[in-house]
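Asker: Any chance you can model this:
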Amino acid sequence: QLQLVESGGGLVQPGGSLRLSCTASGFPLDYYAIGWFRQAPGKERAGVSCISSSGTSANLADSVKGRFFISRDNAKNTVYLQMDSLKPEDTAVYYCAARGLICSGYGSSYDYWGRGTQVTVSS
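Answerer: Residues are numbered from 1 along each chain as shown. Modelled structure (predicted):
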C-alpha cells in the first residue's frame, strides 16, 4: 500500500520560503498524481496544487500562483512544493495526497494521504 510522508514545514517570516517534500513508500510514485492540500485552523481543507503522474501537467490555486511551484522526481519517489513569498494567510497544515494518473481538485477523489506538516508564517 502506498504511504506518504510530508516534511519541510516549519516557522518562517513573511516573505520567506520553504520547500515541502512528499515522499512515497510501498509503491512507485510514478503511477500517481500528487496533490497538495492545506487546512488552516477553523477553515475547510483547500487544494493548493497538483501534478500529474508524468509531471507534464500541473496546476496551482489562484491564491498561490506566482509564489508556489510544484515538481516531482519519480526516481526519488518524491514530490516537492516550493513556497516563496510566504504570507501569514499561508499558515496551515499541508497535506499531500495521491490518486491515479491525473489531477483533481476534489480531495475526496484521492486515495492516499499523508499526516501533514505544519507551516507557520509569522513575524
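Asker: Helix or strand with the lowest mean pLDDT in this structure?
Answerer: Every helix and strand of the chain was ranked by mean pLDDT, DSSP states H and E. The lowest is strand 58-60, at a mean of 91.
Asker: got the buried residues for that one?
Answerer: 58, 60 (16 or more other CB atoms under 10 Å). C-betas here are computed from N, CA, C, even on glycine.
Asker: in this structure, which spans are strands?
Answerer: For the chain, applying DSSP state E gives strands covering 3-7, 10-12, 18-25, 32-39, 46-51, 58-60, 68-73, 78-83, 92-100, 112-113, 117-121.
Asker: quick revisit: so in that sheet, which strands flank the least confident helix or strand of the chain, and in what orientation?
Answerer: Paired with strand 58-60 in the same sheet, following DSSP bridges, are strand 46-51 (antiparallel).
Asker: As CSV, could you dump the C-alpha coordinates of stretch 100-108?
Answerer: The C-alpha trace of stretch 100-108 is given here as CSV (Å, rounded to 0.1, in the frame of the first residue of the first chain):
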residue,chain,number,x,y,z
GLY,A,100,-4.4,7.6,-10.2
LEU,A,101,-2.6,9.4,-13.0
ILE,A,102,-4.4,12.7,-13.4
CYS,A,103,-5.1,15.6,-11.1
SER,A,104,-8.3,16.5,-9.4
GLY,A,105,-9.3,19.5,-7.2
TYR,A,106,-11.6,17.3,-5.1
GLY,A,107,-9.9,15.9,-2.0
SER,A,108,-12.4,13.1,-1.8
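Asker: Off-centre distance for it?
Answerer: Computed by CA atoms, centre = their mean, to the nearest Å, the chain-centroid distance of stretch 100-108 equals 12 Å.
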